[in-house]
Every structure is written in C-alpha cells, then in structure tokens.
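**Q** Need coordinates for the below:
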Amino acid sequence: MSVNLVTPAGLRSLAGGKTVPPAMIWVPALAIGAVLLLPLVYLVVRTFDAGGDAWDLLFRQRVLSILGRTVVLVVTVTGSSVILALPLAWLTARTDLPMRRAWVVLSALPLVIPSYVAGFIVVAALGPKGMLQGALDGPFSIDRLPDIHGYAGALLTLTFLSFPYVVLTVRAALLRIDPAMEESSRGLGRGNWSTFFFVTLPLLRPGIAAGGLLVALYTLSDFGAVSLLRYETFTWAIFVQYESALDRTLGAGLSLSLVVLALAVIGVELVSRGRARYYSSSSSASRPPSTVRLGRWKWPAVAFCSTVVAVSLAAPMSILGYWTTRGINAGEPLNLVWEAVGNSVYIAALAATAAVVASLPAAALSVRYPGIFSGLLERLSYIGFALPGIAIALALVFFGARYAPPLYQTTGLLLLAYVVLYLSPALGAVRTSLLQISPRIEEAARGLGNSPLRAFSSVTLPVARPGLLAGWALVFLLVMKELPATLILSPIGFNTLATSIWSAASEAFFARAALPALLLIAASAVPLAFLMLRERR
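**A** Presented below is the predicted three-dimensional model:
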C-alpha cells in the first residue's frame, strides 16, 4: 500500500476538482464536529436502551398533535419576527434615523430577557385579572380581559423575544453589501423602492435566512414561555418527561424526534439559500453605503422603532421596576447580587469568544469549501441550538462523569455546553459576512506571498468584522440568560443572574426576582452598547 503526500494548497478532491481545505481549517472543524456529536450520541444510546417503549410513545396521536401545534407556532413566530426586524435593521443601518445606534442596542436587549420571566410578565400584565385589567377597571368598568393563555400569548411573547436575531444578522448583512450594486441599479433608472426590492432584498437573503433559522430553532427549543402560557409544545413534553419519569430514556426519544424536526427546519433554510453569489465580482475594497435621507418619514420611523422597543423592552422593564419597588416597600431585602453579575458577564464573554472562534473554521468550510462535511458540520451546530438545554447538559454530565472526570463540575465543561448550545448564532452571523466577501480578495493576498492563515487573518477577518461582532453579541446575550445547563453544570458556588432569578421565582418571590432581572438587562446593555459604538457606521 502506498500513500501520496501532497500539500493542502495543491491537493484536489476527486469530486468536482475543488481545492481541499488546508489543515488549519479542517482539523479544528473536525474537533468541533466531534464535540457537537456528543449530545446526539447520548440521545441515541438512551433511546435504544428503552427498547420498544420509546417508539410506542413517539407514534401516539397525542404526540403528533403536539408536534402540529409546535410547527404552527414556529412558522408564525418566524414570519412575525422577520416582518418586525427587516424595517428596523434597514432604518438603523442605512438611514439618518435619529439615535440610530441607540435603537440597535435597545432592539437587541429583549434577547436577554429569560422566556420564563417574559411569560410571567405577559400573564401578570395582560391576563384576565392582570395589571392592565386593573387599570381599565376604574375608568371603563372592565372587570375581565380575554384570556392571554394559549397560542396568542405564546406568539406575542416569543415574537418580541426573538425578533432581535433577525435584526442583528440582517443589519450585519446590510453593512457588508457593496453599494456599487445599488448605485448601478439606480443609474439604470430604478427608484429607491425598486432598488430595495429587486437588488438589496435578494442580497439580504442569507441574513434573513440565518436570523429566521435562529428564531425558528429558538421557538422550537423554548420551554419557559410556552409552559407559563399553557401552550403545549414538543419541548414542554420533553421537559415533563425528564422531570416526571425516573427513567430518562423516553425523554431522550422525544429529544431525538425534536432533532428530526430541527433538521426539517434547517432543510427549509438550506433550500432558501439557493446557489446565488452574494458578493461583488470586483475585488476592490468595499466602502460604506450612502445614507438614505428619510425626510418626512423620519418621525414615523422613530414612532415605529419606539413602539417596538416599548413593547419588547420598556414595558417588561417597567413591570419589573414596579415589582422591585413593591418588594422594597413590603420589606424585601435589597440584594444586588454583584457576585452573580460578575460571574454572568465573565462566563458570557468567555463563551461568546469561544463560540465565535469555533464558528470560524465551520463558516470558512461552508462558504469557501462547500461539501458533505461542511454541510453536516453546519447542521450539527443548529441541532444543538434546537435541543432543550437540559438534554445538552445531561449529555455532558454523562460524558464528563464517565470519560472526563477532571472536567466534571468545572467552568470548562460549562463553556463546552454553551458552545454546543450557541455555536449556531455565531456561525449564522459569521457565515453571512463571509458570503459577501469575494474570494478574489483572499486569492490576491496569497498571490502576494501571504500564507492562507495570514491572508485570512489580515484580510478576511477585518472585512468580516460586522458579522463577528454580531455573532459575539448574540452569544453573549444568550449565555447571560441561559438557565438549564447553568443549573446542572455550574461549579459549586458559581451563581449567575439567571440562577438567582430562577431561585427567587421558583419560590414565588417574584418581587425578589425582579431586581436581578433588571440587573441582567443592564449588565448586558453595557458590552452591547460598546460593540455598537465601535461600528464603522
């Protein structure tokens, strides 16, 4: 047997003659893929341990009806989020909207509100005997409002929690579009609206698809909001199975079914991508697009942004502030949990950096070297985002206890869980930016004698900065509020704001939980504002 050794740059694949990626890309990508497979391996092992019982459960009529309700919620939340986010992203990236960057920060902050807190706020504020009914009772004698529980409440809550996914990914795409394309369209006689719909909007398809996929998978994996609003979804059934049964094999079987549903969602996103090219054929450096003057539409645009921020952020914060004040007046201790604030920011920053670094080889493979392996790796990352946090955490407990005891109950294992859970938000944002960078720029850098690593780090990464920052911000905000994996995998004594909120809320001390919730939003706003202020626009 003989082995031919050739350099990666000169190696050609047998299928299609495409250049095989260098080792600096495929080696870390292979390691990341192995980590992402851990939860799936655990779920498969647990499910087959159950024998026929798990499969009998999966094909019950009740499970199929729950699956149908889940699909309806996923589709409608995703569509509503795109409708909200697209104008908001365009206004903050391309126009002279007053306080443009402030609106970006404010519109992204709903991501840090835990879904179980948001669900409780919606019930308390809009429920049949809630705060709104109390305010309307005196002047209008309204003694009861329509029940907010069920589909309507879940749709409202999850839409206003998840639309920032689309805002950040679409905005990053808008900042990377070569303005020459739009200028050429206008030079050919198209107006601004025609240019937007026939030139800009098609170029935004990867950003819309990436953000929409995150919204769909977030909705698929949510437990807190749907449980409080009593809309039974697939994830709720999984959590009930994990908590109520001593044998977790049936819960693992349900989780595998959720993986199949997640793969279907990912397949829809893959079809929506097509094979179009999203970068300019010119290898010249991109320049910032011209700013659109809103004119008489300026104040209606401000009113739109204000309404979205008021409903998604100001109203929840006001209610949390009300409960905080009420708790203090009732004698609740003012516990600012500064240690939990520090722990949350520290672990979220580490996890966001780790997720962005891990997403780079996967995104480079997907964009520059598309194939079976790159496609499989990308889909594995999205499956991790769709699975409930408790399934990921239990898989890593199984792995740590049996095969890596030194990692068990350490920050390292917790970081690993965050990367598995939230690699896909970073990957979606980074991939969108790389799609809009012509490979000719990298080829020109290598032609000048730079190694592939140097060309990528000195040329590609600076140009892709909006996507890197958007991915970092997304993961940071998500980790700040993550609960199930944090509860199970945190080192002893490592408390975060999310665990502090849950500890108080689970004991029905919601006034005591309101202050950590406000601190969670404030602590997340500072680094997010810093990132937005460093943007080129």
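**Q** State the distance from the spatially most central residue of the chain to A404.
**A** Centroid-nearest residue in the chain, with CA atoms, centre = their mean: P425, separated by 4.4 Å. Distance, P425 to A404, by CB to CB, to the nearest Å: 26 Å. Backbone N, C-alpha and C define where each C-beta goes, glycine included.
**Q** same thing with F510?
**A** Computed as CB to CB, the F510 to A404 distance reads 38 Å.
**Q** Those two - which one has more neighbours?
**A** Each of F510 and A404 has its neighbours counted (other CB atoms under 10 Å); F510 has more, 20 against 14.
**Q** need the contact list for that one.
**A** Under the criterion of CB atoms under 8 Å, 6 or more residues apart in numbering, the neighbours of F510 are 120, 323, 504.
**Q** at 7 Å what do you get?
**A** By CB atoms under 7 Å, 6 or more residues apart in numbering, the contact set of F510 is 120, 323.
**Q** do you know how far it is from I121?
**A** Going from F510 to I121 by CB to CB gives 10 Å.
**Q** Then L407?
**A** Counting by CB to CB, the gap from L407 to I121 is 37 Å.
**Q** More neighbours: those two, which one.
**A** Neighbours were counted for L407 and for I121 using other CB under 10 Å; I121 has more, 26 against 17.
**Q** give the contact list for the more buried one.
**A** Taking CB under 7 Å, 6+ apart, one finds 316, 319 in contact with I121.
**Q** so it is in which element?
**A** helix 115-126 (DSSP states H and E).
**Q** thinking again about what came up before, list the residues that contact the spatially closest residue to the residue nearest to the centre of the chain that is not a sequence neighbour.
**A** Using CB to CB, 6 or more residues apart in numbering and skipping residues adjacent in sequence, the residue nearest P425 is L474, 4.1 Å away. When the contact criterion is CB under 7 Å, 6+ apart, the partners of L474 are 165, 168, 425-426, 429.
**Q** where in the stretch 301-450 of the chain is pLDDT low?
**A** Applying pLDDT under 70 to the stretch 301-450 of the chain flags residues 332-336, 436-443, 445-450.
**Q** now the helices for it?
**A** Assigned by DSSP state H, counting those that start in this stretch, the helices in the stretch 301-450 of the chain fall at 315-329, 338-368, 372-386, 389-403, 411-435, 439-447.
**Q** export these to JSON lines and tack on distance to V199?
**A** Below are the helices of the stretch 301-450 of the chain laid out as JSON lines (distance: least, CB to CB, whole Å):
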{"stretch": "helix 315-329", "distance to V199": "37"}
{"stretch": "helix 338-368", "distance to V199": "21"}
{"stretch": "helix 372-386", "distance to V199": "27"}
{"stretch": "helix 389-403", "distance to V199": "40"}
{"stretch": "helix 411-435", "distance to V199": "16"}
{"stretch": "helix 439-447", "distance to V199": "21"}
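**Q** which of the ones you listed is buried the deepest?
**A** Counting by mean count of other CB atoms under 10 Å, helix 411-435 has the highest mean neighbour count of the helices of the stretch 301-450 of the chain, with a mean of 27.
**Q** returning to that earlier point: out of the helices of the stretch 301-450 of the chain, nearest to S185?
**A** Evaluated over the helices of the stretch 301-450 of the chain, closeness to S185 peaks at helix 411-435, with 19.8 Å, by CB to CB.
**Q** now that closest one against helix 372-386, angle please.
**A** With axes from the mean of the first three to the mean of the last three CA atoms, to 10 degrees applied, the angle from helix 411-435 to helix 372-386 works out at 120 degrees.
**Q** Which strands and helices lie in contact with helix 411-435?
**A** helix 23-49, helix 151-176, helix 205-221, helix 338-368, helix 372-386, helix 389-403, helix 465-481, helix 484-489 (3 or more CB pairs under 7 Å, 6 or more residues apart in numbering; DSSP states H and E).
**Q** lowest confidence element among the helices and strands of this protein?
**A** helix 52-58 (a mean of 62; mean pLDDT, DSSP states H and E).
**Q** what's the following helix or strand after that helix?
**A** helix 61-94.
**Q** how about that following helix: buried residues?
**A** Within helix 61-94, the residues scored as buried using 16 or more other CB atoms under 10 Å are 66-67, 69-71, 73-74, 76-78, 80-82, 84-86, 88-94.
**Q** re earlier: closest one to W103 among the helices of the stretch 301-450 of the chain?
**A** That would be helix 315-329 among the helices of the stretch 301-450 of the chain, by CB to CB, at 15.9 Å.
**Q** hmm, who's touching the closest one?
**A** The contact list for helix 315-329, computed with CB under 7 Å, 6+ apart, reads 113, 118, 121, 124-125, 334, 510-512, 514-515, 517-518, 521.
**Q** Between helix 115-126 and that helix, find me the angle.
**A** Using the same axes, to 10 degrees, helix 315-329 lies at 80 degrees relative to helix 115-126.
**Q** could I get helix 315-329 in CSV with only the CA atoms?
**A** The C-alpha coordinates for helix 315-329 follow below in CSV (Å, rounded to 0.1, in the frame of the first residue of the first chain):
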residue,chain,number,x,y,z
ALA,A,315,-42.9,47.6,29.2
PRO,A,316,-41.2,44.5,30.7
MET,A,317,-38.6,46.7,32.5
SER,A,318,-41.4,48.9,33.8
ILE,A,319,-43.2,45.9,35.2
LEU,A,320,-40.0,44.6,36.7
GLY,A,321,-39.4,48.0,38.2
TYR,A,322,-42.9,48.1,39.7
TRP,A,323,-42.4,44.7,41.3
THR,A,324,-39.0,45.7,42.6
THR,A,325,-40.5,48.9,44.2
ARG,A,326,-43.4,46.9,45.6
GLY,A,327,-41.0,44.3,47.1
ILE,A,328,-38.8,47.0,48.8
ASN,A,329,-41.9,48.7,50.2
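**Q** now the angle from it to helix 151-176?
**A** 120 degrees.
**Q** What's the local residue count around L175?
**A** Applying other CB under 10 Å, I find that L175 has 23 neighbouring residues.
**Q** Tell me how far it lies from A89.
**A** L175 is 10 Å from A89, by CB to CB.
**Q** repeat for L217
**A** Using CB to CB, L217 is found at 20 Å from A89.
**Q** same question, F160
**A** 16 Å.
**Q** One more: G127?
**A** Relative to A89, G127 is positioned 32 Å away (CB to CB).
**Q** same check, this time on Y116
**A** To A89, Y116 is 28 Å away according to CB to CB.
**Q** Hmm, S312 and P110 touching each other?
**A** Yes: in this structure, P110 is within contact of S312 by CB atoms under 7 Å, at 4.3 Å.
**Q** Overlap of the contact sets of the two?
**A** Residues touching both P110 and S312 by CB under 7 Å, 6+ apart: F160.
**Q** Tell me if I'm right that R176 and S433 touch.
**A** Yes: using CB under 7 Å, R176 makes contact with S433 at a distance of 5.7 Å.
**Q** Now the common contact residues for those two.
**A** Common neighbours of R176 and S433 (criterion: CB under 7 Å, 6+ apart): P466.
**Q** got the end-to-end distance for stretch 479-490?
**A** Using CA to CA, to the nearest Å, one end of stretch 479-490 lies 13 Å from the other.
**Q** Distance from the chain centre to it, please.
**A** The chain centre lies 16 Å from the centre of stretch 479-490; the measure is CA atoms, centre = their mean, to the nearest Å.
**Q** which residues are contacting it?
**A** 112, 114, 344, 347-348, 351-352, 388-390, 392-393, 396-397, 413-414, 417-418, 421-422, 496, 498-499, 502, 520, 524.
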